[in-house]
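**Student:** take this sequence and fold it.
(4 chains)
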Number of protein chains: 4
Amino acid sequence: MPDIVTQPNKETLIKRLNRIEGQVRGVTKMITEDRYCVDVLNQISALQSALDAVAMQLLENHTHGCMQTAIKSGNGDAAIAEMMAIIRKFAR
Amino acid sequence: MPDIVTQPNKETLIKRLNRIEGQVRGVTKMITEDRYCVDVLNQISALQSALDAVAMQLLENHTHGCMQTAIKSGNGDAAIAEMMAIIRKFAR
Amino acid sequence: MPDIVTQPNKETLIKRLNRIEGQVRGVTKMITEDRYCVDVLNQISALQSALDAVAMQLLENHTHGCMQTAIKSGNGDAAIAEMMAIIRKFAR
Amino acid sequence: MPDIVTQPNKETLIKRLNRIEGQVRGVTKMITEDRYCVDVLNQISALQSALDAVAMQLLENHTHGCMQTAIKSGNGDAAIAEMMAIIRKFAR
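**Tutor:** Below you'll find the predicted structure:
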């Protein structure tokens, strides 16, 4: 596995993560202000979806990039085992 | 539904959310520093688990608190419909 | 917890489960006939959604029925703990 | 995409699907016999886990087999797009 991987959509990913960080702060503020539980849960659900989207984008980058390269250079089985391990974490 | 709900474990929840905010910043830093995709995905997976735990704690507070109160005061069906709507968002 | 619970939509649930049983048999047939992996996975995904829908319907029946009754008769905390344990299994 | 794919662990997969079919029948029987909702939900949760395991096994077969072959023969991007579409269905 490579030491350094520049994501092709690096700036977009960083922007989305900055927005997610703001969403987490928003949830903290709701708890601090004693907001209604269900409203807080709705915000957390939106936040989870935003995080899922970033994870799927990274997985897509990874499979098109690193994994494809590994397969072409004959290291496919190790790269696929590694990918399956991470997919199992995100699968239901 | 009540306007204001002080979570029984408010301080703990805020601490956990502050830690989650730090974890999001950590993920952003990893992307900025061109870290290996699979390592970033592992961090996001840990972050998701931490968020899930906060959501389940809030849902538990909600059901023991607001929802039980609503049922006892005869507003059970509306409270349960509202709870089911939020559970569907977190269910697979 | 009650010994016997007749689901209000019992016939519908049984019909849906019979259809799901047929869907499982369909997946087995696809494997037997050496069908393309991605096509099989799509069928399993549809099957999972159908099962999720049955589970959410049962949970809705449970909360409107058994759980509400338990809360009204003063056994709310035990009923809610039991419900949260099952929700955690279906939550992501 | 190939027309015919014999799963390397075909017999095992068929056995597991036959067992899953039996589990679905078991759930139907529980509803027919008016069994307690939470007990039924626990059975459905076990059934979902068994199905998830079959899906992950198929995905693993697919990535080691069809997808790796596609990448080596220069059709990687299409194969990866197809795989990402199916992973999104199983991801949370």
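**Student:** can you pull out the helices in chain A?
**Tutor:** In chain A, the helices defined using DSSP state H lie at A:10-32, A:37-62, A:68-72, A:76-90.
**Student:** by how many degrees do the longest one and helix D:76-90 diverge?
**Tutor:** Put simply, helix A:37-62 runs at 160 degrees to helix D:76-90, going by axes from the mean of the first three to the mean of the last three CA atoms, to 10 degrees.
**Student:** helix A:37-62 vs helix A:10-32, what angle?
**Tutor:** Using the same axes, to 10 degrees: helix A:37-62 against helix A:10-32 is 160 degrees.
**Student:** packing partners for helix A:37-62?
**Tutor:** Under the contact definition 3 or more CB pairs under 8 Å, 6 or more residues apart in numbering or on different chains; DSSP states H and E, helix A:37-62 sits against helix A:10-32, helix A:76-90, helix B:37-62, helix B:76-90, helix D:76-90. C-beta here means a position set from N, CA and C on the backbone, and glycine is covered the same way.
**Student:** A:Glu21 and D:Pro8, how far apart?
**Tutor:** 44 Å (CB to CB, to the nearest Å).
**Student:** more neighbours: which of the two?
**Tutor:** A:Glu21 (18 against 12; other CB atoms under 10 Å in any protein chain shown).
**Student:** excluding covalently adjacent residues, which one is nearest to the more buried one?
**Tutor:** Once flanking residues are discounted, A:Glu21 sits nearest to B:Val24: 4.5 Å by CB to CB, 6 or more residues apart in numbering or on different chains.
**Student:** also A:Leu41?
**Tutor:** B:Ile86 (4.9 Å).
**Student:** one more: A:Pro8?
**Tutor:** A:Asn61 (6.1 Å).
**Student:** what about A:Gly22, neighbour count?
**Tutor:** 12.
**Student:** format the helices and strands packed on helix A:37-62 as a markdown table; extra columns: mean pLDDT.
**Tutor:** As requested, the helices and strands packed on helix A:37-62 are exported to a markdown table (pLDDT from 0 to 100):
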| stretch | mean pLDDT |
| --- | --- |
| helix A:10-32 | 98 |
| helix A:76-90 | 95 |
| helix B:37-62 | 97 |
| helix B:76-90 | 95 |
| helix D:76-90 | 95 |
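**Student:** deepest of those helices, which one?
**Tutor:** When you average the neighbours per residue for each of the helices and strands packed on helix A:37-62 (mean count of other CB atoms under 10 Å in any protein chain shown), helix B:37-62 leads with a mean of 19.
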